[in-house]
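Visitor: one predicted model, sequence on top.
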There are 2 protein chains.
Amino acid sequence: MTNPTTTRDPDLTRLRIMDAATDLFVAHGFSSVTMSQLAKAAGVTKSLIHHHFGSKEKLWEAVKEHAFEQYFRAQMEMLQEAGEPDAALLRESVVAYFHYLQANPSAVRLFAWTHLEGDTSCGDMDAQLMGAGAEWVRQAQKRGLLRADVNPAHLVATFVMTCTQWFEARCHHQHWPGMGDDEAFLDDFLKIFMEGVVPRD
Amino acid sequence: MTNPTTTRDPDLTRLRIMDAATDLFVAHGFSSVTMSQLAKAAGVTKSLIHHHFGSKEKLWEAVKEHAFEQYFRAQMEMLQEAGEPDAALLRESVVAYFHYLQANPSAVRLFAWTHLEGDTSCGDMDAQLMGAGAEWVRQAQKRGLLRADVNPAHLVATFVMTCTQWFEARCHHQHWPGMGDDEAFLDDFLKIFMEGVVPRD
DNA sequence: ATGCTAACTGGTCGGCCGGTCAATTATTTT
DNA sequence: AAAATAATTGACCGGCCGACCAGTTAGCAT
């Protein structure tokens, strides 16, 4: 039988390092986090991190790749669960995306760091996702359920970027006068966005 | 008379350091830039940077403050030049803001770095700016020129954040399939946004 | 049981980090 | 002209950085 109090568990160790690294990198970015901090946070020695990941840079890559995969999978699921495209479903998609980002603040910050680094390693997955989203919109346009005079990619980008920026720059605009909470903003954004994407009678 | 080829010019030196520091910080962020890099880029010694700015952190603060001031002044001018609020002028404001960011990519990146750092030092200026923008919208709403059922701050935030994110994450979404260039996106965004903010007949 | 592989540790290293300081040179003040 | 002030330099510092390595130990295949 397997020993539950086994002294060594490389998979768990890797996981613990990844988790600690994710927290630290998300909070402070790659370059201002040191191996000593990482080791201390993960409860292991610096050498062990090198043993499992090779270098600080490779650990960072692993953290990013893992986060992208999670994001990609979640978004693909949401897209595939969506049925026949129409305006109501688009609205639901925006709400779902907004709430996904709300529930995964570390993903938002990780994306922001990678944007600034100019990292495009997530390009393929992201392009695939956006392509699917745009195609979804294009079908709704063909059926006359969404206005057809806007580039589908731009339509998707508009709501994706607004949701992203809302959480990315939260520390900034949460102090702006008159700003409401997450739900209040989402409501108002949807009022504007949905009115702007449905066809005029 | 003043000697044009004078060997010492502390103001120019400060400026050269600030310029070099702005470039480097904007490109790589605060913590991954070293004093040696800064000194080399500015054509001065490390010690001289310390002499003029005290520390790396204080130089960073100076760079940010300067950028914020420039941004603040430019936006305030744009706001004050704007006349009686109505939908057409809102459209022009969005276009002007978009083009300002397009022409000042380093400002965009600097904001992004500070967002991630959680820096709120520009809070006062920014709140003032947003307050003025929201007030501008509120007046248009009172006159029935913009729909009144959305929080003015949210309306302004919507287009500000979209423009910001467009340039902030450019390296990311410029590879998305079907995406047009800056002007094409702006056009489509305005189609959606303007349709969403004008009152229904 | 015994050897092999891989997980894991502690110690250590060269290098570069941000920062300091005394000395020198240019500019301004008196 | 001389004294005071400020700009600028180069040499130098302690400390920590990421990385490495020799050695130890646990798990596993045979």
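Guide: Great, that's in hand.
Visitor: stretch A:44-56 near DNA strand C anywhere?
Guide: Yes: counting by CB under 7 Å from any atom of the strand, DNA strand C is contacted by stretch A:44-56 at A:V44, A:T45, A:K46, A:S47, A:L48, A:H51, A:H52. (C-beta placed from N, C-alpha, C; glycine too.)
Visitor: buried ones in the biggest helix by length in chain A?
Guide: Determined from DSSP state H, the single longest helix within chain A is helix A:56-81. Applying a neighbour-count criterion of 16 or more other CB atoms under 10 Å in any protein chain shown, one finds A:56, A:59-64, A:67-68, A:71-72, A:74-75, A:78 buried in helix A:56-81.
Visitor: packing partners for that helix?
Guide: helix A:10-28, helix A:35-42, helix A:46-53, helix A:87-103, helix A:105-117, helix A:123-142 (3 or more CB pairs under 8 Å, 6 or more residues apart in numbering or on different chains; DSSP states H and E).
Visitor: make it 6 Å
Guide: The contact analysis (3 or more CB pairs under 6 Å, 6 or more residues apart in numbering or on different chains; DSSP states H and E) places helix A:56-81 against helix A:10-28, helix A:105-117, helix A:123-142.
Visitor: out of those helices, which one sits most buried?
Guide: Highest mean neighbour count among the helices and strands packed on helix A:56-81 (mean count of other CB atoms under 10 Å in any protein chain shown): helix A:105-117, with a mean of 20.
Visitor: which helices and strands does that one pack with?
Guide: Checking 3+ CB pairs under 6 Å, 6+ apart, helix A:105-117 ends up next to helix A:10-28, helix A:56-81, helix A:152-168.
Visitor: quick one: mean pLDDT for that helix?
Guide: Here helix A:105-117 scores 95 as its mean pLDDT.
Visitor: cool, stretch A:93-100 as well?
Guide: According to the model, stretch A:93-100 has a mean pLDDT of 97.
Visitor: circling back to that earlier point, between the buried residues of helix A:56-81, which is nearest DNA strand C?
Guide: Nearest to DNA strand C among these is A:K56, at 12.7 Å by CB to the nearest atom of the strand.
Visitor: looking at the helices and strands packed on helix A:56-81, which is closest to DNA strand D?
Guide: Among those, helix A:10-28 sits nearest to DNA strand D (CB to the nearest atom of the strand), with 9.0 Å.
Visitor: mind checking how far that closest one is from the chain centre?
Guide: In terms of CA atoms, centre = their mean, to the nearest Å, the centre of helix A:10-28 is found 18 Å from the chain centre.
Visitor: stretch A:75-94 now?
Guide: The answer for stretch A:75-94 is 17 Å, by CA atoms, centre = their mean.
Visitor: output the below-cut-off pLDDT ranges for chain A.
Guide: When residues are selected by pLDDT under 70, those of chain A lie in A:1-6, A:201.
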